[in-house]
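A.B. asks: I would like the atomic coordinates for the input below:
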Amino acid sequence: MSVSLEIELLRSFAVIAEVRAFSRAASRVDRTQSALSQQMKRLEEIVDQPLFQRTGRGVVLTNPGERLLVHAQRILRLHDEAMADLSGKGLSGTIRFGCPDDYAAVFLPPLLRQFSSQHPHALVEVVCGPTPRLLERLDKRAVDLAMISLPDASAHDDIIRREQLVWIGYPGLDSAHFDPLPLALSDPDTLDHIAACEALQRAGRAYRIAYASSSLSGLTALVRSGQAFAVMTQTAVPADLSVLTADAGLPLLPAVGVTLKFARARPSLLTTAFAEHIRSMLPML
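C.D. replies: The predicted structure follows:
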C-alpha cells in the first residue's frame, strides 16, 4: 500500500525544525505536545527514517530530517500558494517595512516565511536601521510600518514583546582588565547606547566610546576583535559571543519593549494584515 506525505504532518515538522523544541512548536500549531509527538512518530514511520535527535535544549534534525525539511518547505509553499490563489484570500501588493538589525536577524526569517505562505503575491521590502532612524523614515512615509523599541517602563500599552539588554564580549575577555571600558555602541540616541552610558555612570565606571555606528555587523566585528564590549538584546546575541553576567562587574541593564508603528493613520489592508501577523507570531518566536 502506498503512503504519502500529509500536509499537516509536514507543517508541524517544519515548525519543530524552526523552533527546535516540541513544547514551543505545540503552541504554534495549536496542538498538545503529546499530539505533536504522535504526529512526528507517524511521519518517521512514513519516511522510515529518524528525523530528530533530542538534546538537553530541545531537538535537532538528523541528516534525513535536514533533507526532508528542504522538500517540506517547498511542498508547503506550493500548497499554500495554490490555496491562497484559488480561495482568493491572498493579498497582493508591496509593503515597506522597517526593522532594527538585531530584530531582523532573529525574527524576520520566520515572520516573512509564514506571511509569504499566506499571501504569496505580496512583497515585503525590508529597511533596517535603529529605532530613531526608523521613526524618521515613518515621519517621511519612507516606510509603511516599522518594528521599534521603547523603554520598558514606558506607558505604551501596545508592547508586543519585551527584550532584555545585555553586555556582550569576546569569550574569555575580562572586562575588569579595561579601564576605561571600551564600548562599541549604536547611534547616540538609541536605547542601547543611552542605557549603557547611564548604567556605567550610575555605577561610577569609567568608559570610552571606541565605536559608534548604526551598523550591527560593525559593532559585532569590533567585539569579535576583542577591542570593545557592546550592548544588544539577549535574543540577538551571536552564538560565538558571550553574554557577560553579573560576575563581570558590569551594572545591570534595562529591558526594552518591542512594538509596531504605522506611517499612516489609515494603513493599507496589506500593511494591517502584516502588522496583525507580527502581533500574533512575535510573542512565540
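A.B. asks: now the helices for the stretch 51-200 of the chain?
C.D. replies: Remark: helices assigned in the stretch 51-200 of the chain by DSSP state H, counting those that start in this stretch are 63-87, 101-118, 131-139, 191-203.
A.B. asks: Could you identify which of those has the lowest mean pLDDT?
C.D. replies: Here the helices of the stretch 51-200 of the chain differ in mean pLDDT, and the lowest is helix 63-87 at a mean of 84.
A.B. asks: relative to helix 101-118, how tilted is it?
C.D. replies: If you take axes from the mean of the first three to the mean of the last three Cα atoms, to 10 degrees, helix 63-87 sits at 60 degrees to helix 101-118.
A.B. asks: out of the helices of the stretch 51-200 of the chain, which comes closest to residue 184?
C.D. replies: Closest approach to residue 184 among those is made by helix 191-203 (10.0 Å; Cβ to Cβ). The way it works is simple: take the backbone N, C-alpha and C, and place the C-beta from them, glycine included.
A.B. asks: which strands and helices sit next to the closest one?
C.D. replies: Under the contact definition 3 or more Cβ pairs under 8 Å, 6 or more residues apart in numbering; DSSP states H and E, helix 191-203 sits against strand 145-151, strand 161-169, strand 181-185, strand 207-212, strand 229-233.
A.B. asks: what's the most buried one of these?
C.D. replies: Ranked by mean neighbour count, the helices and strands packed on helix 191-203 are led by strand 229-233 with a mean of 25 (mean count of other Cβ atoms under 10 Å).
A.B. asks: OK, contacts around the spatially closest residue to residue 42 that is not a sequence neighbour?
C.D. replies: Spatial nearest neighbour of residue 42, chain neighbours left out: residue 9 (6.4 Å); criterion: Cβ to Cβ, 6 or more residues apart in numbering. Listed by Cβ atoms under 8 Å, 6 or more residues apart in numbering, the contact partners of residue 9 are 39-40, 42-43, 46.
A.B. asks: now residue 50
C.D. replies: Contacts of residue 50 (Cβ under 8 Å, 6+ apart): 44, 62, 64-65.
A.B. asks: just the buried members of those?
C.D. replies: Neighbour counting with 16 or more other Cβ atoms under 10 Å marks 44, 65 as buried within those.
A.B. asks: which one of the contacts of residue 50 sits closest to residue 74?
C.D. replies: residue 65 (15.3 Å).
A.B. asks: Go ahead and flag the most central residue of the protein.
C.D. replies: Central residue of the chain (Cα atoms, centre = their mean): residue 107, 2.1 Å from the mean position.
A.B. asks: can you tell me how far that one sits from residue 8?
C.D. replies: Between residue 107 and residue 8 the computed distance is 25 Å (Cβ to Cβ, to the nearest Å).
A.B. asks: Sketch out the low-pLDDT regions of this structure for me.
C.D. replies: In the prediction, the chain carries residues with pLDDT under 70 at positions 1-2, 88-89, 154-157.
A.B. asks: tell me the domain ranges of it?
C.D. replies: Domain assignment of the chain by automatic domain parsing yields the ranges 7-86, 92-160+258-284, 162-255.
A.B. asks: Check whether residue 184 really touches residue 230, as I assumed.
C.D. replies: Yes. Contact criterion Cβ atoms under 8 Å: residue 184 and residue 230 qualify, at 4.5 Å.
A.B. asks: Can you work out which residues contact both of those two?
C.D. replies: By Cβ under 8 Å, 6+ apart, residue 184 and residue 230 have these common neighbours: 219, 222-223.
A.B. asks: Now, of these, which are buried?
C.D. replies: By neighbour count, with 16+ other Cβ under 10 Å, those hold 219, 222-223 as buried.
A.B. asks: What's the local residue count around residue 27?
C.D. replies: 15 (other Cβ atoms under 10 Å).
A.B. asks: wait, what's in contact with it?
C.D. replies: If you count contacts by Cβ under 8 Å, 6+ apart, residue 27 has them with residue 284.
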